[in-house]
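[1] Have a look at this prediction, sequence included:
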Amino acid sequence: MATFQTNDGVVIYYKDWGPESAQTIVFHHGWPLTADEWDSQMLYFLDKGFRVVAFDRRGDGRSSQVGDGIDMDHYAADTAELVDKLGLRDTIQIGHSTGGGVVARYAAGADKGRVAKAVLIGAIPPIMVKSDDNPEGTPLEVFDGFREQLLKNRAQFYHDVASGPFYGFNRDNEESQPGIVLNWWRQGMMGGAKAQYDCIKVFSETDFTEDLKKIDVPTLVMHGEDDQVVPIHDAALRSIKLLRNGTLKTYPGYPHGMATTHADVINKDILEFIRAN
């Protein structure tokens, strides 16, 4: 099992597949998941000749179940340390949901030459929570409800999320896929409860407005139009206006977890973006 230790002593688990000479894609998972969220993408892009890297964020999965350092600055710093450890340059940084926030924070401050392109999938930027400055955001009470349910019965809460809005299995025309639900639940339950509890505030209240403005590499913003977790009108449709070099691609009827339920479509669109001049 490949791991490295950060400067503040946190052990981070990562996967690193493919030839060292190939262009590298770094994947960032959503809350409360792990690098395993990207299995379909890693195998697909490995077959296309890329080097693929994914890691469990601090507090999640097989990484240290830390009790502090759960914030975007630490997540981005961990990313920078891994990229530096592996000697990566001209990477493609891809993030889903909370992982999209990590990509935004990292890419905005990365050393020159480290990031060639970025992809945000169902991503949380610019900011989720409703406020006077963000009147169309999600009310704080919704995230308070997440915290309450996690404290009451984390296992049941995670099963309900995966079998319902995350993949759109609560829609009348969608048939649930038990294997996908159980795999989401498995990943969530691997992580530390405190880190996952603290991360609810991180993914809902972190403001990425200035990060998005600083990103100068080509950035693909992908979002499902039926995303019930990160509503498109307060995320992708606002992010694209802040990016210097952004491309927006939306998907009618697709859910938050579309990279899993519609991997065949999403993978091909990412590949087209990567290969474009």
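    Thanks, I have it. Residues are numbered from 1 along each chain as shown.

[2] going forward, measure contacts and count neighbours with C-alpha atoms only.
    Noted.

[3] what's the helix or strand hosting residue 141 packed up against?
    Element membership for residue 141, per DSSP states H and E: helix 140-163. Contacting helix 140-163 under the criterion 3 or more Cα pairs under 8 Å, 6 or more residues apart in numbering; DSSP states H and E are the following elements: helix 178-190, helix 193-205.

[4] Save these as TSV, and put in distance to residue 107, mean neighbour count and mean pLDDT too.
    Shown next, in TSV, are those (distance: least, Cα to Cα, whole Å; neighbours: other Cα atoms under 10 Å; pLDDT from 0 to 100):
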stretch	distance to residue 107	mean neighbour count	mean pLDDT
helix 178-190	26	17	98
helix 193-205	17	20	98
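
[5] what number of residues lie near the spatially closest residue to residue 12 that is not a sequence neighbour?
    Distance criterion Cα to Cα, 6 or more residues apart in numbering; nearest residue to residue 12, sequence neighbours excluded, is residue 63 at 4.6 Å. Other residues near residue 63 number 23, with proximity taken as other Cα atoms under 10 Å.

[6] Correct me if wrong: residue 63 contacts residue 9.
    No. Contact criterion Cα atoms under 8 Å: residue 63 and residue 9 do not qualify, at 11.3 Å.

[7] returning to that earlier point: compare the helices and strands packed on helix 140-163 and report which one is nearest to residue 232.
    helix 193-205 (14.4 Å; Cα to Cα).

[8] Output the very next helix or strand once past the closest one as CSV - backbone C-alpha positions only.
    Downstream of helix 193-205, the first helix or strand assigned by DSSP H and E is helix 209-214. Listed in CSV are the C-alpha atoms of helix 209-214, where the atom choice follows Å, rounded to 0.1, in the frame of the first residue of the first chain:
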residue,chain,number,x,y,z
THR,A,209,-14.5,33.0,-5.7
GLU,A,210,-10.9,34.3,-5.6
ASP,A,211,-9.5,30.9,-6.3
LEU,A,212,-11.5,30.6,-9.5
LYS,A,213,-10.4,34.1,-10.6
LYS,A,214,-6.7,33.1,-10.2
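
[9] quick one: strands adjacent to the following helix or strand past helix 209-214?
    Moving toward the C-terminus from helix 209-214, the next helix or strand (DSSP H and E) is strand 219-224. Here the strand partners of strand 219-224, with direction, are listed using DSSP bridges: strand 115-121 (parallel), strand 246-251 (parallel).

[10] In the last one, which residues are buried?
    Buried residues in strand 246-251, counted by 16 or more other Cα atoms under 10 Å: 246, 250.

[11] Now find how far off-centre that strand is within its chain.
    Average the C-alpha atoms of strand 246-251, do the same for its chain, and the two points are 16 Å apart (Cα atoms, centre = their mean, to the nearest Å).

[12] pLDDT of stretch 117-137, averaged?
    Per-residue pLDDT values across stretch 117-137 average out to 96.

[13] Can I get it as CSV, trimmed to CA atoms?
    Provided in CSV are the C-alpha atoms of stretch 117-137 (Å, rounded to 0.1, in the frame of the first residue of the first chain):
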residue,chain,number,x,y,z
LYS,A,117,-5.5,21.7,-17.2
ALA,A,118,-8.3,21.3,-14.6
VAL,A,119,-11.7,19.6,-14.6
LEU,A,120,-14.4,20.3,-12.1
ILE,A,121,-17.3,17.7,-12.0
GLY,A,122,-20.4,18.5,-10.0
ALA,A,123,-18.1,20.8,-8.0
ILE,A,124,-18.9,22.9,-4.9
PRO,A,125,-17.3,26.2,-6.1
PRO,A,126,-17.8,29.1,-5.8
ILE,A,127,-19.8,28.6,-2.5
MET,A,128,-22.7,26.5,-1.5
VAL,A,129,-24.3,28.0,1.6
LYS,A,130,-27.0,30.7,1.3
SER,A,131,-26.1,34.2,2.5
ASP,A,132,-26.9,37.8,1.7
ASP,A,133,-24.1,37.7,-0.9
ASN,A,134,-25.3,34.3,-2.2
PRO,A,135,-29.1,34.4,-2.1
GLU,A,136,-29.6,31.3,-4.3
GLY,A,137,-27.4,29.1,-2.2
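
[14] from the middle of its chain, how far away would it be?
    Between the centre of stretch 117-137 and the centre of its chain there are 13 Å (Cα atoms, centre = their mean).
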